[in-house]
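>>> Let's see this in three dimensions:
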Amino acid sequence: MSITFRILGTAGRDNALLVKVDSGQAIEHLLFDCGDGCLSELALADILAVDHLLFSHLHMDHVGGFDSFFRCVFNRNTRPNRIWGPPETARILQHRFQGFLWNLHEEMSASWFVSDIHPGRIRTTRYELREAFAVAHEEGVQSYERTLLEGAGFLIEAVTMDHRTPAMAYLIREKARRNIDTSRLASLSLRPGPWLKELKKSPTASDHMVIDGVEHSMDELLKALVVETPGESLAYLTDFLLDEPALDRLSDALRGCGTIICEGQYRHADLELARKHFHMTTVLSATLAKRAGVKELLLFHLSDRYLPEDWIEMLRDARQVFPNTHYAPQWSLEPNA
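This next block holds a predicted model:
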């Protein structure tokens with residue numbers, strides 16, 4: 001398993017995040033937000049491969065590039081078309097779907113599923129290309145706590161934050177990896193065989209397992225032979241108020257996360273302005289990283305109210321709190337020593 005990612009867009013402009021999760025059997029592609037111009041960096045094959053588009057919220061700097069995405073995939077029926085976002089996502093995107101002339105669509109069959117994430121529940125709406133997206137088909141409501149969806153070997157969690165409108169914080173976690181420590185077989189007088197694969201794959205399939213004609217306790221086999229290693233994890237955080245209650249709540253949700261990709265909108269000297277607009281400063285982003293015990297902080301979504309030399313100083317400020325803080329490497333904004 002592995003999680004790889006790429007921050008799209010440039011410093012001071014709209015941004016997005018492309019994530020690939022490789023389970024060893026399949027690769028799932030996740031796109032977080034869709035800022036203006038961000039998809040111009042991607043090959044058509046990368047856009048066509050997106051399995052889920054997840055919006056933090058629907059302000060124009062996060063949805064401005066949606067038409068480019070939709071133009072590539074509007075009639076895709078080779079995989080499900082799934083979009084997620086805070087309340088009102090389905091309503092807003094139906095307007096985007098219908099913002100074109102449709103007169104050659106009757107024989108096309110693509111379906112689009114848009115899920116509005118409310119606290120504790122998810123409401124999904126389906127739209128059909130053959131209907132020119134005119135009808136909002138209710139697909140039902142399901143409850144959830146933190147886990148939004150489950151893919152091949154990974155989970156996506158969502159936490160609702162406050163941007164004077166609901167904004168979603170997302171966390172991608174690989175499921176724990178199960179490996180067999182074959183060096184312990186001899187101590188149990190066991191020989192390798194196909195049963196090891198079954199033990200690794202379905203450890204709760206039964207209470208006992210028969211190996212070479214002898215019945216063994218599944219619980220004892222698991223304790224003796226299976227080693228669990230936590231998977232990789234990545235968070236996408238942007239556009240919300242990070243006051244003390246929010247810091248406490250989100251720090252708990254992100255505990256031990258590997259990398260967080262977090263907005264760096266304001267310098268800390270402009271804290272009151274950041275709070276007024278329900279944004280973060282780079283120092284607040286670094287404080288969150290420190291409290292959550294993450295490994296790395298990548299700042300993005302920089303405000304163009306500042307000059308490049310200001311961005312460098314803002315990074316230095318963040319590093320005073322959390323040293324392992326960087327910008328996207330392609331932005332070439334690392335300060336001189």
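>>> Could you list the low-confidence segments of the stretch 51-200 of the chain?
200 (pLDDT under 70).
>>> Which parts of it are helices?
60-63, 66-73, 89-97, 195-201 (DSSP state H, counting those that start in this stretch).
>>> Quick one, which of the ones you listed gets closest to Leu39.
helix 66-73 (4.8 Å; Cβ to Cβ). Quick note: C-beta positions are derived from backbone N, CA and C, even for glycine.
>>> I'd like to know which elements that closest one is packed against.
The elements that helix 66-73 packs onto, with contact taken as 3 or more Cβ pairs under 8 Å, 6 or more residues apart in numbering; DSSP states H and E, are helix 44-48, strand 50-54, helix 89-97.
>>> Could you give me the buried positions within it?
Phe66, Asp67, Ser68, Phe69, Phe70, Cys72, Val73 (16 or more other Cβ atoms under 10 Å).
>>> Can you name the residues that contact the closest residue to the fifth one other than its chain neighbours?
Translated: Phe70. In space, and not counting its chain neighbours, Phe70 is closest to Arg96: 6.8 Å by Cβ to Cβ, 6 or more residues apart in numbering. Contacts for Arg96 (Cβ atoms under 8 Å, 6 or more residues apart in numbering) come out as Val63, Phe66, Asp67, Phe70.
>>> Adding distance to Ala152, write the residues you listed out as CSV.
Formatted as CSV, those follow (distance: Cβ to Cβ, whole Å):
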residue, distance to Ala152
Val63, 28
Phe66, 26
Asp67, 30
Phe70, 25
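>>> Helix or strand next in line after the top helix by length along the chain, which one?
Longest helix of the chain, by residue count under DSSP state H: helix 308-321. The first helix or strand that comes after helix 308-321 along the chain, using DSSP states H and E, is strand 325-327.
>>> Which strands and helices lie in contact with that next one?
helix 282-292, strand 296-300, helix 308-321.
>>> Flag every buried residue along the longest one.
The neighbour-count criterion (16+ other Cβ under 10 Å) identifies Trp311, Ile312, Glu313, Met314, Leu315, Asp317, Ala318, Arg319, Val321 as the buried residues of helix 308-321.
>>> and the gap between the nearest residue to Leu299 once chain neighbours are set aside and Asp116?
Take Leu299 and drop its neighbours on the chain: the residue closest to it by Cβ to Cβ, 6+ apart is Gly264, 3.4 Å away. Distance, Gly264 to Asp116, using Cβ to Cβ, to the nearest Å: 28 Å.
>>> before we move on, back to that, next one: the longest helix of the chain to chain centre, how far?
Chain-centre distance of helix 308-321: 26 Å, with Cα atoms, centre = their mean, to the nearest Å.
>>> How about stretch 71-91?
16 Å.
>>> ok, back up a step: the more surrounded of Gly264 and Asp116?
A direct count of neighbours by other Cβ atoms under 10 Å for Gly264 and Asp116 places Gly264 higher, at 30 against 22.
>>> The more buried one and Leu298 touch, don't they?
No: counting by Cβ atoms under 8 Å, Gly264 does not reach Leu298; the two are 9.1 Å apart.
>>> Show me where the stretch 151-300 of the chain has its strands.
154-162, 166-174, 177-180, 208-211, 214-217, 226-229, 233-237, 259-263, 296-300 (DSSP state E, counting those that start in this stretch).
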